[in-house]
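In: 3D, please:
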Amino acid sequence: MSALLILFVMASAAWTILSLYLSSRQIDAVSRHRDHVPADFTATVTIGEHHKAADYTMARERLSTIESIVDFALALAWVLGGINLLYAATAAVIPASLWRGVVFLIGTAVVGNAIGLPFAVYKAFILEQKFGFNRTNVKTFVLDRLKGWAISLVVSIPLLLACLWAMRGFAGLWWLWTWFGLLALMIAAPTVYVRLIAPRFNTFTPLSDEALRARIERLLERSGFRSSGLFTMDASKRTAHGNAFFIGFGKTKRIVLFDTLLQSSTPDEIEAVIAHELGHFRHRHVIFGLARGALMALGGLAAFGWLCKQAWLLPAFGIPFHDDALSLFVCILLFSVIGPLLAPASNWISRRNEFQADDYARLSVGAGPMISALTRLARDNASTLTPDPLYALVHYSHPSVPLRVKHLRSSEGVA
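Out: Sure thing, here's the model as predicted:
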């Protein structure tokens, strides 16, 4: 066993152990505070709602620990012979070509999806069902998966062909040309999603509540935000969770409200949620996030470009075959143990952005409606109000609701 393979196994094991440790801390923290609603929320969250949030969080975390162990086992299976088995099977039916590499890479994704499918089924029909969030049925679940896989194939096959062709044709600079293609995809993705993909899964209808529409349009006008429309999405046919989002660039920008959010929230709270999203727009968080993602992709692909051309890479993993697709997959496996190291920094930036967006909402509609909206979303989505600080530091892309409420109150001068 080569030194690189040993390091990979050790790093994968270390990350899995850390994930299990953090999950145990989260479960312990939530369990210890299960019977005590935090002081800031005693007037707005009942003990029953707090119990539900605690139990839901712990159930999700226990499932996550099993997924972490399975992911580690799969990584081990790949590097201890699985790669060779799959590639040999692919080579037995497909002659040496770009297509062999594409089929191999799609095969690795098929294996991952097949292993992840039971977890998705359990989450939807047992865990989410138990806590009253699941509203999908077997037919919708199956159709969603089939449509998702079909779209993935339509997008992935041309991209993989282009990437492998570039690796063969542009030698050392293939990664740069691949990055240009990826950058174009990143820019086009929101528009393609809004116009072509999202309507395959949900129905989007113009917001019919005229009073609420007029209220939101006045807020948009004050903020200088122009969108292609205000829409409601029929999220309720799959889930009881509520949310809202902005998506797209330029004339394709859309504001989308889950129908579940409209059903459970007051007009003040909905306006506060919209104001928060406008804060992201005003602070250019989406643009900066796109630029940050593009730079990270450039750095990652540059590293891939160097690694993929090293003669020792595949032998280090016990792979006797020679194919750019194999080198690419090994690089993806290596990144899987490096990527988590970058997550805390990325989450720190995201949490800072959320505070800035909250401040914008506070200045636009006041702290009260924003606090009420955050509390309602936490209550309706059964989000814990007592997370473990270290777990949140590593895993949370948003500050916890208690921290956000505390920030809003201190910024407003409220004790």
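In: quick one: the closest residue to M296 other than its chain neighbours and A43, what's the gap?
Out: Nearest residue to M296, sequence neighbours excluded (CB to CB, 6 or more residues apart in numbering): L342, at 7.6 Å. For glycine as for every other residue, the C-beta is placed from the backbone atoms N, C-alpha and C. Going from L342 to A43 by CB to CB, to the nearest Å gives 40 Å.
In: quick one: which of those two has more around it?
Out: Between L342 and A43, L342 has the larger neighbour count (other CB atoms under 10 Å), namely 12 against 8.
In: Can you verify the more buried one is assigned to a strand?
Out: No. L342: not assigned to a strand; according to DSSP: H, G, I helix; E, B strand; the rest coil it is helix.
In: and it, what pLDDT?
Out: At L342, the pLDDT value in this model is 83.
In: What separation is there between it and V102?
Out: Taking CB to CB, one finds L342 at 28 Å from V102.
In: cool, E128 as well?
Out: 35 Å.
In: which residues of the chain score low on pLDDT?
Out: Scanning the chain with the threshold set as pLDDT under 70 gives 228, 248-252, 413-415.
In: thinking again about what came up before, quick check: the residue nearest to M296 vs H280, distance?
Out: 21 Å.
In: try L393
Out: Separation of L393 from H280 (CB to CB): 22 Å.
In: more crowded one of these two?
Out: H280 (20 against 14).
In: backbone phi and psi for A96, please?
Out: A96 adopts backbone torsions of phi -60, psi 120, taken as degrees, to the nearest 10.
In: residues touching the closest residue to it other than its chain neighbours, list them.
Out: Nearest residue to A96, sequence neighbours excluded (CB to CB, 6+ apart): D323, at 8.0 Å. By CB atoms under 8 Å, 6 or more residues apart in numbering, the residues touching D323 are Y87, A96, R100, G101, F104.
In: Among those residues, which one has the most neighbours?
Out: Result: G101 is most packed of the contacts of D323 (other CB under 10 Å), 27 neighbours.
In: which secondary structure element contains that residue?
Out: helix 98-122 (DSSP states H and E).
In: what do you get for G299?
Out: helix 285-308.
In: Which neighbouring elements make contact with that helix?
Out: Helices and strands touching helix 285-308, by 3 or more CB pairs under 8 Å, 6 or more residues apart in numbering; DSSP states H and E, are helix 174-192, helix 324-365.
In: Any idea how far whichever helix or strand comes after the first one is from the middle of the chain?
Out: Elements were assigned by DSSP H and E; along the chain past helix 174-192, the next helix or strand is strand 204-206. Distance, stretch centre to chain centre, for strand 204-206: 24 Å (CA atoms, centre = their mean, to the nearest Å).
In: Go ahead and name everything in contact with strand 204-206.
Out: So strand 204-206 is contacted by A198, G229, L230, F231, T232, M233, D234, R254, V256 (CB under 8 Å, 6+ apart).
In: tell me the contacts of the first one?
Out: With contact taken as CB under 8 Å, 6+ apart, A198 is in contact with F204.
In: measure it to N113 for me?
Out: The value you get for A198 to N113, if CB to CB is used, is 21 Å.
In: With the last one instead?
Out: Counting by CB to CB, the gap from V256 to N113 is 27 Å.
In: Between those two, which has more neighbouring residues?
Out: Per other CB under 10 Å, whichever of V256 and N113 has more neighbours is V256, with 24 against 14.
In: between the helix or strand the more buried one falls within and helix 174-192, what angle do the directions make?
Out: Element membership of V256, judged by DSSP H and E, is strand 254-258. Here strand 254-258 runs at an angle of 70 degrees relative to helix 174-192 (axes from the mean of the first three to the mean of the last three CA atoms, to 10 degrees).
In: Output the contacting helices and strands for strand 254-258.
Out: Packed next to strand 254-258, using 3+ CB pairs under 8 Å, 6+ apart, are strand 230-233, strand 244-247, helix 267-282.
In: Show me what the last one is in contact with.
Out: Residues external to helix 267-282 that are found in contact with it (CB under 8 Å, 6+ apart): 211-212, 215-216, 219-220, 223, 225, 244-246, 255, 257, 261-262, 265, 286, 353, 356-361, 364-365, 368-370, 372-373, 376-377.
In: hmm, back to that, Serialize the contacts of D323 to CSV and add fields for distance to C331.
Out: Listed next are the contacts of D323 as CSV, based on distance: CB to CB, whole Å:
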residue, distance to C331
Y87, 15
A96, 21
R100, 18
G101, 13
F104, 14
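In: Among those, find me the one that's closest to H50.
Out: Closest approach to H50 among the contacts of D323 (CB to CB): F104, at 49.3 Å.
In: Count the neighbours of the nearest residue to the closest one once chain neighbours are set aside for me.
Out: Nearest residue to F104, sequence neighbours excluded (CB to CB, 6+ apart): T90, at 4.6 Å. T90 is flanked by 21 other residues according to other CB under 10 Å.
In: give me the element T90 is part of.
Out: For T90, the host element (DSSP H and E) is helix 83-93.
In: between that helix and helix 324-365, how big is the angle?
Out: 110 degrees.
In: and helix 83-93, what does it pack onto?
Out: helix 98-122, helix 324-365.
In: Would you tell me which one of those is buried the most?
Out: helix 324-365 (a mean of 18; mean count of other CB atoms under 10 Å).
In: Which SSE is immediately downstream of that helix?
Out: Using DSSP H and E, the helix or strand that follows helix 324-365 towards the C-terminus is helix 367-380.
In: Remind me what that next one packs against, helices and strands.
Out: helix 47-77, helix 259-264, helix 267-282, helix 324-365, helix 401-412.
In: about what we covered before: so which of the helices and strands packed on helix 83-93 comes closest to L307?
Out: Among these, the nearest to L307 by CB to CB is helix 324-365 (5.3 Å).
In: Would you quantify the distance from E67 to F131?
Out: 18 Å.
In: Name the nearest residue to the residue nearest the centre of the chain, sequence neighbours excluded.
Out: Note on the chain: the residue nearest the mean C-alpha position is S397, at 9.6 Å, using CA atoms, centre = their mean. Excluding the flanking residues, the one nearest S397 by CB to CB, 6+ apart is S350, at 4.3 Å.
In: who are the neighbours in contact with W174?
Out: W174 makes contact with C163, A166, M167, R168, G305 under the criterion CB under 8 Å, 6+ apart.
In: Tell me which of those residues fall in helices.
Out: C163, A166, M167, R168, G305 (DSSP state H).
In: care to break the protein down by domain?
Out: Here the domain parsing of the chain from automatic domain parsing is 3-202+282-412, 204-281.
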